[in-house]
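Undergrad: With the sequence up front, the predicted model follows.
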Amino acid sequence: MSARRRAGESSVVTGLVAFTFDGRDLTAEPGQSIAAALLAAGIRSWRTTRVGGRPRGLFCGIGICFDCLVTVNGTASRRACLTEVGGGDRVEHQEGAGHADDAC
Amino acid sequence: MPTTPAERTRDPDAFDIAVIGAGPAGLAAAVAAVAGGASVALIDGSPRSGGQYWRHRPADDGALHHDWSAFSRLRDGVAAGTSAGRLVHLAGHAVWHVERTAEGYAVHAVADERDVEIHTGRVIIATGAYDRQLPFPGWTLPGVFTAGGAQALFKGQGVVAGRRVVIAGTGPLLLPLAAGLAGAGAKVAGVFEAGRPTGILRRPMTVARAGKVRESLGYASAFARHRIAYRTGLTVVAAHGTDAVQAVTVARLDTDWNVVPGTEERITCDALAVGYGFTPQVELAADLGCELVLDPDGSMVVRVDERQRSSVDGAWVAGEACGVGGSALALVEGELAGLQAAAAVTGLALDAPTFAMLERRRARLRAFASLLAATFPVRPGWQTWLADDTIVCRCEEVPAAALRDAVTDLGATDARTAKLFSRAGMGLCQGRVCGSAMAALVATASGRAVTAGDLAATTRRPIAVPITLGALATGPVAQSLETPPIPVAPPEEVSA
Amino acid sequence: MTTPTADVLIIGGGIMGASIAYHATAAGLSVTVLERGAIAGGTSSACEGNILVSDKGPGAELELALLSRRLWQRQAADLGAESFEFDAKEGVVVARHEAAATALRAFAAGQRDAGVEVQNMDLAGLLELEPNLARDVAGGAWYPQDAQVQPMLATARLLARARGRGGTVQGGTTVTGLIRDGERVTGVTTDSPTLPSITARWVVNAAGSWAADVAAMAGAPLPILPRRGFILVTEPLPVLIRHKVYTAEYVANVASGEASIQTSVVVEGTRSGTILIGASRERVGFDRTMNVEVLRRLAAQAIGVFPILAGVSLLRTYLGFRPYCPDHLPVIGEDPRAPGLIHAAGHEGAGIGLSAATGHLIAQVAAGITPDVDLSPFRPDRFGEVTA
């Protein structure tokens, strides 16, 4: 398991939350954001930009920069830093603005 | 606008006071307002109160936080107000617009993708601040975080940004961030303070009166214990890597923050946390027509009088939104605003000794805040770190050259025009991250200083957070004192 | 020190002033543009950049629009289409109900006779053009001549070309009065310490929504009033909507003189991926207060035409003031009440589209050439008793 830090948490840890990222099985601490869980797993980027196709991940961590967008259960452009991991969540990297299935 | 107790019940579904923001200022304001006899809606976009300063997860016991006991007291105050039927904590309600109505104000928020409307006689705006950023080559690489972002990750999520972290920028936040990360086991490869904060050493009484001596000594000892180098007059001027940060270039700066040639050092790292102070979040106040002023710190802040009143009747402001000054100042201003607003509702006079005590504390803390602002200014030489292709607007991927061309080729004479020419500031974050940098670059290209007008281009946001067209079209759910709020998170676990 | 002089002195640095400057300098005239704020800072920065022929019935305005569309194509070739994102994106008009579909067919027939390219479309045809369109549409029409530009960039490029041909553009300069020699307008005074007055053969009022103020200075009032519109801007998206799409009700709303809020659906994508949604019309003077009810209505109507928009986020909103005349035609030409003063204003919601023709025609007037279009429908003194 990756080197997640447990500093400061209460000693009783409730069950970890299971989710997938691009099909890969991962877990998160309860209440943890998608961004934090991905970073804890060593994943630093989860989308590519619209114009330059460059990788982005977490930047401001508090929901104001909109860099950390990711697709969750088919919904595009969720801010990974604000979205808490739900059990069974299907998280996928996002290309540009997402919504690829609706594009015409 | 209701001004007497008889008038305040004109709209039976309206709250007396809506407090926007549940950080230190908002919590203090809400608890004080309830104590002062008002009914209060405490509205915040996060699932739990605490703002950024006390950002935490449900099971958190505060070991990683400062002044957790103050937060616990306020959180208990909110719970008590709720039990007494005098306060509703609207967590997970992100305010997208505030407007004036005949009876006072209507606050529009989005919660769980629904539009919620809260009517109130008065508002207290406590919307806080977020990191101020300066662009530099490579800053868009994954693994580069804002200092506040690395802090939020650590305090709020229990995750350390990387194994080998460089911390850079300017301002006092760099210190607790380094100490905290090192305490959690990260290797802090250095803290690079761009400024030369010796000024603060010449004002020991200001520091002492603000109660900051113990905190400062605490950082000094943590740095010694973890052997963290705190180097001043240097900062990160470039980040390197293919798809994530692998190294940074640190360089010595002159007093204007130009790079001193030949002083560049390359430092390996897998994370960079960078921050250059804070930008107050004032769009809701701007929406209401509150007067804004250009702070000596270089940001637009809401102008308030000694009672924390804005220029708009019935709208108070507390905390970073009326001037960056830290959590202790936010607590005092919030309490003052809450008591003042409640007194306006009830018509009862404020207790003079209480008011005087709070004012004195506010004065001491404001003096310290001014000292910090003077100690950690942003100097203009950062503009010379940029290459033509350095991204300035992260959302729309607009390079520095495009902003300069907007002035030189296209004839832009202000930041708004440059924004509309280049798309800088028009992406999802609506200029929150790039706004001050863009204003500075446009001003420099125009051969003048930044004006309030330049900053207005990315300060006013009539839509403060995104809301789906469907929620907008469906129309709002009304939220009153009696209505159970839309739940958006598991209930807060109150520590025993 | 001699007073500077120009052949053409243009008041207003928006799309209209820019177009006149571009065309007048092309005709070899010396031009000065005075703008009180930032270039393109008025309605030109608060619109969608549309070039439409589809929304105009046979008449003087349509004639102007057809000429303007051709001139825009030439301007794109001259300045570089990408330099202001000229997009020949075509228009699609949809009728929600059978009665509107019938009316639209009749309207289109008249347009066709007047030279507009238009093809009636049934639902199947509309869905091929716009796969995300709602299925409950009764009929529609396709207008291949409709186009779009980025209006800020267009204004800047036109002015830059004018400067390159010797024109002067000065921002932050307010015209404080008109200079007259007898009855004739011969120049302006300004608040600029470096350019306090300029004499000119022709003074052009291109002040858009504020043109009535300039006309009043000349004692030749114009009934140009602001008609406020809001535009919703969505988050950036991949292409969900390919054309400019609007409902047949839009045409009726433009023709309405009602003061109460009029809304119709106008939806289109942009190069940056955002979708723009309009359109509303209110007569509230220059009030800049946001109207949440209007936003809700625009959102609801847009979802009615493109259901997929329900889950799309509103990112920002902006408002603009269309300069409109009571008969919904612009004012173009020399003012007989103030010789030497030319007006080029009052284009309502068609300013960007009609600017190319207006610039060309005004340049002809200034150069002493008979204009290519009869300007009598647009004459400034057509309004009878006007209170300033």
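TA: Happy to help now that I have it. Residues are numbered from 1 along each chain as shown, chains lettered A, B, ... in the order given.
Undergrad: could you point out where the chain is predicted with low confidence?
TA: Went with chain A since none was named. A:1-14 (pLDDT under 70).
Undergrad: try chain C instead
TA: Ranges of chain C meeting pLDDT under 70: C:1, C:250-260, C:385-388.
Undergrad: where does it come near chain A, residue by residue?
TA: C:130-132, C:235-240, C:242, C:273, C:308, C:311, C:313 (C-beta under 8 Å from any C-beta of the partner chain). (Glycine included, C-beta is placed from N, CA and C.)
Undergrad: which of the residues you listed tops the neighbour count?
TA: residue C:237 (26 neighbours; other C-beta atoms under 10 Å in any protein chain shown).
Undergrad: Surely that one and residue C:311 touch.
TA: No: judged on C-beta atoms under 8 Å, residue C:237 makes no contact with residue C:311 at a distance of 10.5 Å.
Undergrad: out of the residues of chain C next to chain A, which one sits closest to residue C:70?
TA: Checking the residues of chain C next to chain A against residue C:70 by C-beta to C-beta gives residue C:242 as the nearest, at 23.4 Å.
Undergrad: check which helix or strand covers that closest one.
TA: Per DSSP states H and E, residue C:242 falls between elements, in no helix or strand.
Undergrad: give the contact list for it.
TA: A:104, C:89, C:129, C:130, C:269 (C-beta atoms under 8 Å, 6 or more residues apart in numbering or on different chains).
Undergrad: Secondary structure and distance to chain B for the residues you listed - can I get that in CSV?
TA: Shown next, in CSV, are these (DSSP: H, G, I helix; E, B strand; the rest coil; distance: C-beta to the nearest C-beta, whole Å):
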residue, secondary structure, distance to chain B
A:104, coil, 18
C:89, coil, 19
C:129, helix, 22
C:130, coil, 17
C:269, strand, 14
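Undergrad: Quick check: PyMOL command selecting the buried ones in the residues you listed.
TA: Selection command for PyMOL covering only the buried members of those, criterion 16 or more other C-beta atoms under 10 Å in any protein chain shown:
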select buried, chain C and resi 89+129+130+269
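Undergrad: give me the low-pLDDT residue ranges for the stretch 1-150 of chain B?
TA: B:1-10.
Undergrad: Enumerate the residues of it near chain A.
TA: B:45, B:47, B:52, B:55, B:57-64, B:130-131, B:140-146, B:148-150.
Undergrad: go again using 7 Å as the cut-off
TA: B:52, B:57-61, B:63-64, B:130-131, B:140, B:142-143, B:145-146, B:148-149 (C-beta under 7 Å from any C-beta of the partner chain).
Undergrad: for the stretch 301-450 of chain B, same thing?
TA: Residues of the stretch 301-450 of chain B lying near chain A (C-beta under 7 Å from any C-beta): B:394, B:395, B:397, B:428, B:429, B:432, B:433.
Undergrad: what about the second one, helix or strand, and which?
TA: This means residue B:395. Residue B:395 belongs to no helix or strand, assigned by DSSP H and E.
Undergrad: Could you check how far residue B:234 is from chain A?
TA: 23 Å (C-beta to the nearest C-beta, to the nearest Å).
Undergrad: sec struct for the residue nearest to that residue when sequence neighbours are not counted, please.
TA: Leaving aside its chain neighbours, residue B:234 sits nearest to residue B:192 (4.7 Å; criterion: C-beta to C-beta, 6 or more residues apart in numbering or on different chains). What DSSP: H, G, I helix; E, B strand; the rest coil gives for residue B:192 is strand.
Undergrad: what pairs with residue B:192 across the strands?
TA: For residue B:192, the beta-bridge partners are residue B:168, residue B:231 (DSSP bridges).
Undergrad: Contact partners for residue 46?
TA: Here I'm looking at chain A. A:38, A:57, A:70, A:80, A:93 (C-beta atoms under 7 Å, 6 or more residues apart in numbering or on different chains).
Undergrad: think we crossed wires, I meant chain C
TA: Counting by C-beta under 7 Å, 6+ apart, the residues that residue C:46 touches are C:318, C:319, C:320.
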